[in-house]
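[1] okay, predicted coordinates and the sequence, questions at the end:
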Amino acid sequence: MTVLRLARSELKRMTGGLLPKLTILALALVPLLYGAVYLYANWDPYGNLDQIDAALVMEDTGADSADGTRLEAGRKVADSLVDGHVFNWQAVSSEEAADEGVSSGKYAFALKIPRDFSANLASPGSFDAANQAMLNVTTNDANNYLLSTIVDKLTTAVHGTVAKEVGEETANQLLTGFGTIHTQMLKASDGAKDLAGGISSLHDGAASLHQGTIGLRNGAGELVAGQRKLLDGANSLNAGAGQLASGLGELKDKTAGLPSDAQRLADGAAQVAAGNAALNSKLQEMAGQMASADQAAAGAQRARVAASNDRLVAAAVITRQQADAILADYDAHTAPTPSPAAAALKGAATQVQQLADGSAAVSSGAARIAAAAPALSGAVGQASAGADQLAGGSAQLAAGQQDALAGAEKLAGGAQQLDDGAAQLETGATKASDGAGTLAGELAKGAGKVPNPDDTQKNSLAKVMADPVAVSNVSQAKAGSYGAGLAPFFLTLALWIGIFMLVQAMRPVTQRALASNAPAWKIAAGGWLPFLAVAAVQASLLTLVVDVGLGLNPAHPVLMWVLMLAASMAFSAIIQGVVALLGSPGKLVVLILLVLQLVSSGGTFPWQTTPEPLHVVHQVLPMGYVVGGMRHLIYGADLAGIVPILLGLVGYTVLGLAMSAVAVRKHKFWTLKTLKPEIAV
């Protein structure tokens with residue numbers, strides 16, 4: 001008896017009538033009822049959230065932001081929620097009505113935007129009055145537990161969006177403030193530079209002032225010394241003025257007869273001048289006569305020389321030219337010489353003339369003296385009176401000079417103090433100049449460290465500050481929907497449940513085969529092949545419906561179908577082998593294996609999150625490997641692990657067939673328990 005004949009015989013038995021055929025058909029559709037229908041019901045639940053009624057209470061009254069603009073954040077959030085159509089938002093007038101609606105189940109949950117929402121969002125602009133803005137959510141797990149998780153994600157998204165927007169605005173204002181600080185610090189630096197320049201000028205001025213105060217101090221000392229000398233001079237002047245007044249008084253008395261004496265002197269001088277003039281006239285006349293006589297004598301002498309020359313020329317002793325030259329030489333070297341008497345007379349005339357001129361001058365001066373003598377006498381009187389006044393004034397001058405000396409001494413003391421202050425001012429100005437220079441430099445450095453972003457930089461920085469962490473999701477393999485995300489788990493689970501249902505209508509090992517002499521492995525394989533055939537139909541129908549009917553669109557549809565067939569092969573061998581070996585209790589074992597794989601295969605949460613003992617279950621049982629392989633084939637991930645999974649499923653198949661072979665060998669020997677089992681199959 002061959003393996004195929006055993007399998008065909010069992011299949012013929014199972015399909016011998018209408019009811020068995022319908023049973024096999026129903027068993028083939030079991031995975032569809034569990035896998036496809038469940039995935040259909042949960043294919044895209046997030047896309048149908050707009051069918052859920054949710055209460056929206058908007059009480060925000062708005063607020064003025066720091067820059068004076070109107071902030072209506074609550075209204076903006078409410079409008080964005082309604083326009084987003086994520087839920088079927090119902091506007092509710094009060095929090096009480098919303099809470100009552102959630103309690104009664106009219107609304108799945110309530111989102112409440114309080115009255116001070118915008119005000120609190122704007123509050124970070126005031127450092128002493130910052131408050132968090134609140135979004136109040138009311139849920140009721142009696143309405144739906146998972147809905148609370150969905151609502152938490154929604155409110156987290158709203159919170160993140162609003163916080164980012166408001167944070168960006170706040171950061172922009174902060175950066176604008178930095179720019180203002182930077183500008184003001186630059187102005188302060190420029191002012192400090194000007195201050196440094198001014199203090200430097202002050203220092204120069206203070207140095208000049210110090211030099212001036214030194215000069216003032218020295219001058220004040222010299223002034224004191226001069227004032228002392230002036231005081232001595234004033235005292236001397238006072239004494240001299242007294243003597244002058246006394247002398248002028250005597251002069252006044254002695255010049256009282258000066259006008260008459262001067263007149264007599266003028267008259268006498270006029271007479272002397274007239275006599276001298278007459279004498280001079282006579283002497284001049286006599287001198288002229290004597291000069292004429294001398295000239296006549298000289299002419300006679302020249303005539304004799306000329307006559308002598310003529311005789312010599314006539315005698316041919318000399319030539320005419322020589323004669324003329326001798327005469328010319330005579331004229332040049334022989335000047336007329338006045339006689340001693342004439343010369344004496346001329347000298348006397350000159351002296352008489354000078355005497356006459358002097359007498360005339362004396363006469364004129366005497367006349368003027370005579371004319372001025374009365375005025376001189378009056379002037380002497382006035383001078384005497386003035387001298388008296390001078391004596392009185394000089395006495396006052398001496399007294400005033402004493403006061404001036406005291407003032408000069410005070411001035412000298414003040415000049416000393418002023419010089420000390422100027423020295424201190426110069427020293428302080430030096431320090432202030434250094435400090436102002438340091439201040440200007442440090443302000444410039446500080447301004448360089450204070451950000452001064454432009455509008456583009458402010459917008460970019462504000463976005464970064466409001467949302468400093470961005471997540472760049474690089475999805476190597478991504479499920480297209482919620483249903484696609486659950487498909488690997490539920491398809492694998494549906495295969496196990498569908499094959500588990502086969503043992504309710506199909507016998508793991510036929511009694512007829514056990515009575516034959518066929519080898520145990522052939523009987524085991526012949527009992528398994530009907531399970532494999534129906535399981536392959538289950539896997540093929542489930543794959544076809546999910547791919548075409550639900551639109552799963554796996555990345556590798558053929559490989560996915562192959563993996564489904566391989567999983568059906570392994571699952572059917574294990575289930576058939578367990579039930580064949582253990583009988584009816586084996587069905588309970590298969591159910592326990594199902595439960596263990598439900599919690600350890602990582603179909604929903606990662607299997608690493610399960611308790612440590614379940615990690616061993618994940619490593620030992622096949623469903624976790626099938627789920628992982630299905631994900632790679634459906635989402636288009638790396639296929640390197642598919643071949644090891646297929647080989648592992650072959651190994652599980654061999655393990656199941658081995659258990660069937662052991663069961664066949666065991667059941668070939670009948671016992672009383674075999675004839676009457678404790679639990680009928």
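    Yep, it's here.
[2] look up phi and psi at Phe109.
    phi -160, psi 170 (degrees, to the nearest 10).
[3] break down the chain into its strands, ranges please.
    For the chain, applying DSSP state E gives strands covering 53-58, 63-64, 70-71, 88-91, 109-113, 136-139.
[4] run a quick neighbour tally on His667.
    20 (other CB atoms under 10 Å). Where you see a C-beta, it was placed from the backbone N, CA and C, and this is true even at glycine.
[5] tell me the pLDDT of it.
    Note for His667: predicted pLDDT of 71.
[6] how close does it get to Gln90?
    67 Å (CB to CB, to the nearest Å).
[7] now Gly105
    Distance from Gly105 to Gln90, by CB to CB: 13 Å.
[8] same check, this time on Gly602
    As judged by CB to CB, Gly602 and Gln90 stand 40 Å apart.
[9] rebuild the strands of the chain as CSV, extending it with mean neighbour count and distance to Gln416.
    Formatted as CSV, the strands of the chain follow (neighbours: other CB atoms under 10 Å; distance: least, CB to CB, whole Å):
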stretch, mean neighbour count, distance to Gln416
strand 53-58, 21, 83
strand 63-64, 16, 66
strand 70-71, 16, 70
strand 88-91, 15, 91
strand 109-113, 24, 81
strand 136-139, 17, 82
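[10] redo those as CSV? Include distance to Val158 and mean pLDDT.
    Below are these laid out as CSV (distance: least, CB to CB, whole Å; pLDDT from 0 to 100):
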stretch, distance to Val158, mean pLDDT
strand 53-58, 11, 91
strand 63-64, 18, 81
strand 70-71, 16, 81
strand 88-91, 12, 91
strand 109-113, 8, 89
strand 136-139, 10, 87
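[11] turn these into a markdown table, columns for distance to Pro519.
    Listed next are the strands of the chain as a markdown table, based on distance: least, CB to CB, whole Å:
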| stretch | distance to Pro519 |
| --- | --- |
| strand 53-58 | 68 |
| strand 63-64 | 88 |
| strand 70-71 | 86 |
| strand 88-91 | 67 |
| strand 109-113 | 66 |
| strand 136-139 | 65 |
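[12] closest one to Ser364 among the ones you listed?
    strand 63-64 (113.1 Å; CB to CB).
[13] each with direction, which strands does that closest one pair with?
    With DSSP bridges as the test, strand 63-64 is paired with strand 70-71 (antiparallel).
[14] contacting residues around the strand it pairs with?
    Here strand 70-71 makes contact (CB atoms under 8 Å, 6 or more residues apart in numbering) with 62-65, 118, 121-122.
[15] pick the one among those closest to Leu649.
    Closest to Leu649, out of all of these and judged by CB to CB, is Leu121, at 58.0 Å.
[16] look at that closest one and report its pLDDT.
    Reported pLDDT for Leu121: 73.
[17] and it, how far from Lys76?
    10 Å.
[18] go on, Ala395?
    The gap separating Ala395 from Lys76 is 102 Å, by CB to CB.
[19] same deal with Ala54?
    Distance of Ala54 to Lys76, given as CB to CB: 18 Å.
[20] equivalent analysis for Val662, please.
    Here Val662 is placed at a distance of 72 Å from Lys76 (CB to CB).
[21] what is the neighbour count of the closest residue to Gly498 other than its chain neighbours?
    Using CB to CB, 6 or more residues apart in numbering and skipping residues adjacent in sequence, the residue nearest Gly498 is Pro31, 3.7 Å away. For Pro31, the neighbour count with other CB under 10 Å is 31.
[22] same thing with Gly549?
    Gly549: 12 neighbours (other CB under 10 Å).
[23] just the CA atoms of stretch 637-655, as PDB, please.
    This file holds the C-alpha atoms of stretch 637-655, laid out as PDB (Å, rounded to 0.1, in the frame of the first residue of the first chain):
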ATOM      1  CA  ALA A 637      12.000  43.900   3.600                       C
ATOM      2  CA  ASP A 638      15.200  42.000   3.300                       C
ATOM      3  CA  LEU A 639      14.600  38.400   2.000                       C
ATOM      4  CA  ALA A 640      17.800  36.900   3.400                       C
ATOM      5  CA  GLY A 641      16.000  35.200   6.200                       C
ATOM      6  CA  ILE A 642      13.200  33.600   4.100                       C
ATOM      7  CA  VAL A 643      15.200  30.500   3.100                       C
ATOM      8  CA  PRO A 644      16.200  29.700   6.700                       C
ATOM      9  CA  ILE A 645      12.500  30.000   7.700                       C
ATOM     10  CA  LEU A 646      11.400  27.700   4.900                       C
ATOM     11  CA  LEU A 647      14.100  25.200   5.900                       C
ATOM     12  CA  GLY A 648      12.900  25.500   9.500                       C
ATOM     13  CA  LEU A 649       9.300  24.800   8.400                       C
ATOM     14  CA  VAL A 650      10.500  21.700   6.600                       C
ATOM     15  CA  GLY A 651      12.100  20.700   9.900                       C
ATOM     16  CA  TYR A 652       8.900  21.200  11.800                       C
ATOM     17  CA  THR A 653       7.100  19.100   9.100                       C
ATOM     18  CA  VAL A 654       9.600  16.300   9.600                       C
ATOM     19  CA  LEU A 655       9.100  16.600  13.400                       C
END
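[24] Asp638 touches Arg631, doesn't it?
    No. In this structure Asp638 lies outside contact range of Arg631 using CB atoms under 8 Å: 10.7 Å.
[25] these two: who's more crowded?
    More neighbours surround Arg631 than the other of Asp638 and Arg631, with 20 against 9 (other CB under 10 Å).
[26] tell me the spacing between the more buried one and Met560.
    Separation of Arg631 from Met560 (CB to CB): 10 Å.
[27] wait, what's in contact with Asp547?
    Applying CB under 8 Å, 6+ apart, the residues contacting Asp547 are 553-554, 557, 560.
[28] ok, Val578 to Pro508 distance?
    9 Å.
[29] check Met659 too.
    Remark: distance between Met659 and Pro508 (CB to CB) = 10 Å.
[30] could you do Met501 as well?
    Counting by CB to CB, the gap from Met501 to Pro508 is 14 Å.
[31] these two - which one has more neighbours?
    Counted by other CB under 10 Å, Met501 and Pro508 do not tie: Pro508 has more neighbours, with 27 against 20.
[32] distance-wise, check the closest residue to Leu418 other than its chain neighbours relative to Leu71.
    Distances taken as CB to CB, 6+ apart put Thr213 closest to Leu418, at 4.9 Å, once the chain neighbours are dropped. Using CB to CB, Thr213 is found at 65 Å from Leu71.
[33] please apply the same query to Asp50.
    The spacing between Asp50 and Leu71, counted by CB to CB, is 29 Å.
[34] try Ala484
    Counting by CB to CB - Ala484 and Leu71 are separated by 42 Å.
[35] also Phe490?
    Phe490 is 48 Å from Leu71, by CB to CB.
[36] ok, His632 next?
    50 Å.
[37] same thing with Gln619?
    57 Å.
[38] according to the record, where do the domains of this structure fall?
    Domain assignment for the chain by automatic domain parsing gives 3-44+483-675, 144-480.
[39] going by mean pLDDT, which of those comes out lowest?
    With a mean of 70, domain 144-480 has the lowest mean pLDDT of the domains of the chain.
[40] what sits up against stretch 581-594?
    For stretch 581-594, contacts defined as CB under 8 Å, 6+ apart pick out 493, 496-497, 500, 503, 574-575, 578-580, 621, 659-660, 662-663, 666, 677, 679-681.
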